[in-house]
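S.K.: Below: sequence and its predicted model.
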Amino acid sequence: MTTIEREAPEAVVKLPPGPPLPRAVQGLLALADRRIALQIMRRRYGSAFTIDLPIFGQMVVISDPNHIRQLFKAAPHMADTSDANLGRVMGPNSMFALTGDRHRARRKLLTPSFNGRRLAAYEAIIEREAVDEFATWPHDQTFAAMPSMMRITLNVILRAVFGAEGQEFDRLREILPPGIRLGSKLALIPVPQWDWGRWSPWGRFYQYRREYDAIVDRLIDKAQADPRLAERDDVLALMLQSRYGDGSPMTHAEIGDELITMLAAGHETTATTLAWAVERLQRHPQLLTRLVADLDAGSEELLNATIFEILRTRPVIDTTFRQVQSPTLQIGPWTVPEGHTIVASIGLLHADEAVFRDARRFDPDRFLSRRPDPAEWIPYGGGVRRCIGAAFATMEIRIVLRTLLRDYTISPSNARGEGWQSRGVAIAPSRGARLRVRRR
Ligand code: HEM
């Protein structure tokens with residue numbers, strides 16, 4: 001095992017060891033199964049290693065909680081987003097594309113949308129969407145719950161974030177899921193230098209985007225004409241009324257890019273987490289019985305601990321990235337040069353036996369007496385780029401599961417746990433979270 005060292009002007013670059021395989025082979029391994037490839041490297045090289053991938057080049061993967069904390073604490077001029085492609089897909093005004101002061105100003109503007117009072121206002125929307133969707137479920141028959149979870153979380157974001165109803169709601173429901181699916185694939189490849197026309201993937205993507213922009217313009221016009229705008233709770237209404245430090249409002253382009261960013265970041269992630277929740281619960285009948293009893297008695301303590309454990313054992317985003325912006329960045333014993341990407345592996349950290357005792361076990365009780373340590377439990381990332389929708393997502397998961405367990409009995413299952421399948425944005429249960437329920 002050799003450590004990679006070379007001279008940089010400011011310090012000796014010192015990267016952790018990694019597989020001596022050609023870049024193309026490492027790329028193929030990552031394509032075949034990124035999760036398993038990372039687990040194998042973790043066993044072989046320890047908590048930090050260097051991989052070399054086509055398009056991305058050398059990347060340092062870390063999973064020690066102290067190293068990840070160091071990365072998340074690094075100021076943006078030392079380490080910042082490396083999601084330039086994602087930003088190109090969501091638009092130049094998307095939070096994913098913004099860096100430094102512009103990113104900070106945008107976060108400051110949008111954070112109030114997700115504070116306690118606003119979140120409480122979204123609870124009723126979520127419960128109604130869950131009740132309506134569950135009413136379509138077959139009685140005592142096995143079906144895949146994933147599509148239902150996708151519908152619930154899409155409808156919730158369109159109502160609570162976009163403030164959409166009527167025609168705009170219906171059309172956004174149709175065009176956004178395929179548009180975002182296409183966009184998340186395009187985010188992985190460079191933008192072509194030439195125009196391949198309207199039937200090329202980029203051409204189709206721009207078609208979606210044009211229609212999307214026209215709908216958002218209509219939503220903005222309607223909101224601005226709404227005499228009750230100041231009383232509205234949706235994020236679009238808040239964006240229209242908010243002002244930067246210099247008193248200027250958000251532009252329509254900024255609002256459009258930010259709405260689609262929240263949808264892309266928040267729709268499938270929350271739905272896949274909900275799908276994992278039902279996949280896990282039916283395989284733990286004793287927990288199910290305790291949960292129902294606890295909720296019936298008016299306590300959400302066990303439910304909250306269960307949600308923490310679902311997010312620990314099934315993190316639907318299993319890695320997050322930063323790019324080194326300073327000449328070098330020190331992470332533990334490693335000195336990483338400018339331009340290198342550092343991957344914080346959420347999946348490896350959450351599965352680390354040195355961090356969580358009996359880490360492979362699904363055991364919500366571990367979070368009953370103590371809340372997760374923010375350095376060890378990072379399903380929403382960390383630092384200045386920590387998921388802005390974390391509280392919203394956790395609340396949505398809580399309301400949907402509470403409604404489900406209140407109105408339905410989940411049949412226990414002794415089938416093998418479902419595998420992990422990447423859907424582009426998030427990692428989902430491979431068979432769509434097969435489920436069987438009866439009305440209580
Ligand atoms: C279970 C559901 C969710 C999970 C697991 C999740 C996870 C994440 C993760 C890991 C990041 C990257 C953080 C980092 O790099 O440190 C992130 C960023 C982000 N998330 Fe979420 N997320 C979820 C739901 C949501 C929701 C509901 C919204 C909005 C309504 C949202 C909006 C965002 C945005 C805008 C960012 C970019 C933040 C920035 O760059 O400043 N997410 N999320």
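M.R.: That came through fine.

S.K.: Quick one: neighbours of residue 138, just the number.
M.R.: 9 (other Cβ atoms under 10 Å). Backbone N, C-alpha and C define where each C-beta goes, glycine included.

S.K.: Show me where the stretch 151-300 of the chain has its strands.
M.R.: Along the stretch 151-300 of the chain, no segments are classed as strands by DSSP state E, counting those that start in this stretch.

S.K.: in what helix or strand does residue 69 lie?
M.R.: Assessed by DSSP states H and E, residue 69 sits inside helix 65-73.

S.K.: Check whether that helix comes near the ligand.
M.R.: No. For helix 65-73, no contact with the ligand is found by Cβ under 6 Å from any ligand atom; the gap never falls below 6.5 Å.

S.K.: Going by contacts, tell me the helices and strands next to the helix or strand following that helix.
M.R.: Elements were assigned by DSSP H and E; along the chain past helix 65-73, the next helix or strand is strand 79-80. Packing partners of strand 79-80 (3 or more Cβ pairs under 8 Å, 6 or more residues apart in numbering; DSSP states H and E): strand 319-324.

S.K.: Okay, now the sheet partners of the strand it packs on, with direction.
M.R.: Based on DSSP bridges, the pairing partners of strand 319-324 within the sheet are strand 79-80 (antiparallel), strand 341-345 (antiparallel).

S.K.: Indicate which one of these is closest to the ligand.
M.R.: Counting by Cβ to the nearest ligand atom, the ligand lies closest to strand 341-345 out of these; the figure is 7.4 Å.

S.K.: can you give me the offset of that closest one from its chain's centre?
M.R.: Taking the mean C-alpha point of strand 341-345 and that of its whole chain, the gap between them comes to 15 Å (Cα atoms, centre = their mean, to the nearest Å).

S.K.: Report the buried residues of that strand.
M.R.: 341-345 (16 or more other Cβ atoms under 10 Å).

S.K.: can you list contacts of that strand?
M.R.: Judged by Cβ atoms under 8 Å, 6 or more residues apart in numbering, the contacts made with strand 341-345 from elsewhere in the structure are 38, 42, 56-57, 59-63, 68, 71-72, 79, 82, 318-324, 329, 331, 336, 378, 381-382.

S.K.: Mind checking the pLDDT average for stretch 162-179?
M.R.: For stretch 162-179, mean pLDDT is 94.

S.K.: Please report the distance of residue 39 from residue 71.
M.R.: 20 Å (Cβ to Cβ, to the nearest Å).

S.K.: ranges for the strands of the stretch 301-440 of the chain?
M.R.: Using DSSP E, counting those that start in this stretch, strands in the stretch 301-440 of the chain cover 319-324, 328-331, 334-337, 341-345, 408-410, 420-422, 427-429, 434-435, 437-439.

S.K.: For residue 255, give me its contacts.
M.R.: Going by Cβ under 8 Å, 6+ apart, residue 255 touches 216, 220, 236, 239-240.

S.K.: Restricted to helices, list these.
M.R.: Within the contacts of residue 255, membership in helices is found for 216, 220, 236, 239-240, as judged by DSSP state H.

S.K.: Save those residues as TSV, and put in neighbour count, distance to the ligand and pLDDT too.
M.R.: Written out in TSV, the entries for those read as follows (neighbours: other Cβ atoms under 10 Å; distance: Cβ to the nearest ligand atom, whole Å; pLDDT from 0 to 100):
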residue	neighbour count	distance to the ligand	pLDDT
216	22	16	95
220	18	18	95
236	24	12	96
239	22	13	94
240	20	17	95
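
S.K.: How about residue 425: what's its closest non-neighbour residue?
M.R.: residue 268 (4.4 Å; Cβ to Cβ, 6 or more residues apart in numbering).

S.K.: make that residue 144, sorry
M.R.: Spatial nearest neighbour of residue 144, chain neighbours left out: residue 432 (3.2 Å); criterion: Cβ to Cβ, 6+ apart.
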